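**Student:** Could you look at this predicted model? Sequence included:
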Amino acid sequence: MFEIDLHQDRRDFGAGAAPPQEFLAAENVSLRLLLAQAEIDAQDLLAQAGIDAREREAADKLQKLILEELHHRIKNTLATVSAIASQSLRNVPGAEHAQHAIEGRLLALGRAHDLLLQARWTSADLGKIIRGATEAFDNPDVPKFRISGPDVRMTSGAVIAIAMTLNELCTNATKFGALSVPTGRVDIEWTLDPRKQRLHLKWTENNGPAVLAPDKRSFGTRLIETLGKQLKGDVQLTYKPGGFAYAFDVPLTSLMSIASE
C-alpha cells in the first residue's frame, strides 16, 4: 500500500510550507464559499425572475383589460353610428338599400374588430379572417365556400381592409351572384410568391346566374378597389358569364407581421 511521508512532504515544500492536507482543507473552504455564493446568486436570480414574471403577468392582464375596454367602446360606437344611419334614412324614399348596405359594412367592421381582439390587436391569420367574414353567409349543412391557402399572419390594418372587402364580395354574391341560388359556390384561395414577395388571393364564383358587367361602378366596387389600393395592391374584377371573379395581388410587406414557415 502506498503511504505518504508527511515529513518528506514538509521538507519538499520547504521551511514553513503547509502540508498537502492543509492545502486541501483550504481549497475545500474556498470551494464551499464559492458554492455558497453561487447558491445565493442563483436564489437572487430566481427571486428576480419571479418578480419579472409577476410584473409581466400584471402587464399582460392590464393590456388585456385595456384592449377589451377599447373593443367595447369601438363596438358601442359602431352600434351608435348604425342607429344614426338607420334613423336618418328611415323616412328617405328608396333608401332601404343604402340603409342595409351601411348596416352590413358596420357589422363587418365589428367582426374584424372581434378577430383583432382575439389576436390582441397585433395580427391575425388570413384563413381565420376569411372564415370569420364568410361565416354569416355560409350554410353549415351545405357549405357554400371552399377556402384554401397557406398560413399568413396579417397586421391589424390589413385585417380590417380584407374583412371589409370580403363582406362586400359576400353581399354582392348574395344579391346578384353565386350565393343568390342554392347551387352556387365560391372558391377562395391564396398563394405566396416567395421570389417576388407577394400574395395572390382569388375569389371565384361558380354555378350562379349568368353574369353581366354593370353599366356603372357601384359604391361597393369603388370601396373594394380603394381598400386594395390602401394596401398597395392590384385589384382586378372580372365579369365572366360563368361567374364573377375578384383577384388581389399585394406585396407581403403590406400585409404581414409574421409569416409561418
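**Tutor:** Perfect, I can see it now.

**Student:** quick one, what contacts the nearest residue to Thr253 once chain neighbours are set aside?
**Tutor:** Using CB to CB, 6 or more residues apart in numbering and skipping residues adjacent in sequence, the residue nearest Thr253 is Gln197, 7.1 Å away. The way it works is simple: take the backbone N, C-alpha and C, and place the C-beta from them, glycine included. Gln197 makes contacts with Pro251, Leu252, Thr253, as judged by CB atoms under 8 Å, 6 or more residues apart in numbering.

**Student:** Nearest to Trp190 among those residues?
**Tutor:** Taking CB to CB as the measure, Trp190 sits nearest to Leu252 out of the contacts of Gln197, at 11.4 Å.

**Student:** buried sites along stretch 205-213?
**Tutor:** For stretch 205-213, the neighbour count (16 or more other CB atoms under 10 Å) marks Glu205, Asn206, Gly208, Val211 as buried.

**Student:** same deal with stretch 198-207?
**Tutor:** For stretch 198-207, the neighbour count (16+ other CB under 10 Å) marks Arg198, Leu199, His200, Leu201, Lys202, Trp203, Thr204, Glu205, Asn206 as buried.

**Student:** neighbouring contacts of it?
**Tutor:** For stretch 198-207, contacts defined as CB under 8 Å, 6+ apart pick out 149, 152, 166, 169, 173, 177-179, 181, 183-193, 211, 242-252, 255.

**Student:** Need the buried ones from the residues you listed selected in PyMOL.
**Tutor:** If you want just the buried ones from those in PyMOL, going by 16+ other CB under 10 Å, the selection is:
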select buried, resi 149+152+166+169+173+177+178+179+184+185+186+187+188+190+192+211+243+244+245+246+247+248+249+250+251+252+255
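
**Student:** And the nearest residue to Ser180 once chain neighbours are set aside, which helix or strand is it part of?
**Tutor:** In this structure, Ser180 finds its nearest non-sequential neighbour in Thr174, 6.0 Å apart by CB to CB, 6+ apart. Using DSSP states H and E, Thr174 sits in helix 156-175.

**Student:** just the helices in the stretch 151-261 of the chain please.
**Tutor:** Using DSSP state H, counting those that start in this stretch, the helices assigned to the stretch 151-261 of the chain run over residues 156-175, 219-230.

**Student:** The shortest one packs against which elements?
**Tutor:** Right, helix 219-230. helix 96-118, helix 156-175, strand 234-240, strand 243-251 (3 or more CB pairs under 8 Å, 6 or more residues apart in numbering; DSSP states H and E).

**Student:** Next, the distance between the ends of stretch 214-224.
**Tutor:** One end of stretch 214-224 sits 15 Å from the other (CA to CA, to the nearest Å).

**Student:** coming back round to it: arrange the helices of the stretch 151-261 of the chain in TSV, one row each, with mean pLDDT as further columns.
**Tutor:** As requested, these are exported to TSV (pLDDT from 0 to 100):
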stretch	mean pLDDT
helix 156-175	85
helix 219-230	87
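
**Student:** Go through these and pick out the most buried.
**Tutor:** For these, the largest average neighbour count (mean count of other CB atoms under 10 Å) is found in helix 156-175, namely a mean of 22.
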